[in-house]
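Q: I'd like to go over a predicted model; first the sequence, then the structure.
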Amino acid sequence: MRRGAAQLRSDRHTLLLRLDDAARPAFAAARAELQAEAAAWFAREGVAESARQLAWSAELRYRGQNYELSVPVPDRAVDADTCGRLLVDFHPAHEQAYGFASPHEPVELVNLKVKARGMLDKPALARLPDRPPGTPSGRRDTIFDKGAAHPTPVYRRAALARGQVIAGPAIVEQLDATVVVFPGDRCRVDDWGNLLIELS
């Protein structure tokens, strides 16, 4: 099966810690908590192990700032180098985003965030069942151009059969839409119920 659209969940854990080696235990605990929440969500949604993806980021700022900058965090356990690597990445990212960096200023870890993404298999599209071609449910006088009115058959879309061809003029109605087939055009119903109109 081809992979289709993804289910997505985003969670965060607020820390408000100075980003240094002393922050590592709280950082690791927050990561473990978010990882457990993501695993529980994957399990509830029935996402296979091979279809699970986690994207981590840390929202950092210089002490005293009232805005944060998101920096990617590797998807692995917090170790002795994690905080140092985030600091190394934060300063140039801050300079690129805001035009300056202050490598000697303390950096705060405000939030740890994770986005959990579950890749879903594309469902097979249901084909129309075998049934006789649909017949008009009525007729309506219809003016297509500036000419005279044409007596026009009206079909219910739900009654059409796959492979059925309707020569215009015709009207195909359903609850939320009306399809008009002009004189000389042809409408063909494909295997999945789509209406394909060939213009004259």
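A: Structure received.

Q: ranges for the helices of the protein?
A: Counting by DSSP state H, the chain has helices at residues 24-45, 82-98.

Q: for Asp81, grab phi and psi.
A: phi -100, psi -10 (degrees, to the nearest 10).

Q: that one and Leu87, how far apart?
A: Going from Asp81 to Leu87 by C-beta to C-beta, to the nearest Å gives 10 Å. Placement of C-beta: from N, CA and C, glycine included.

Q: rewinding a little: figure out which of the helices of the chain is closest to Val73.
A: helix 82-98 (6.9 Å; C-beta to C-beta).

Q: hang on, the earlier thing: okay, the helices of the chain in JSON lines with distance to Asp11 next?
A: Listed next are these as JSON lines, based on distance: least, C-beta to C-beta, whole Å:
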{"stretch": "helix 24-45", "distance to Asp11": "5"}
{"stretch": "helix 82-98", "distance to Asp11": "19"}
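
Q: help me confirm that Cys187 comes into contact with Leu195.
A: Yes - using C-beta atoms under 8 Å, Cys187 is in contact with Leu195, at 5.5 Å.

Q: who's more crowded, those two?
A: More crowded of Cys187 and Leu195, by other C-beta atoms under 10 Å: Cys187, with 21 against 17.

Q: is the more buried one bridged to anything, and to what?
A: Note on Cys187: beta-bridge partners Ile166, Ile197, judged by DSSP bridges.
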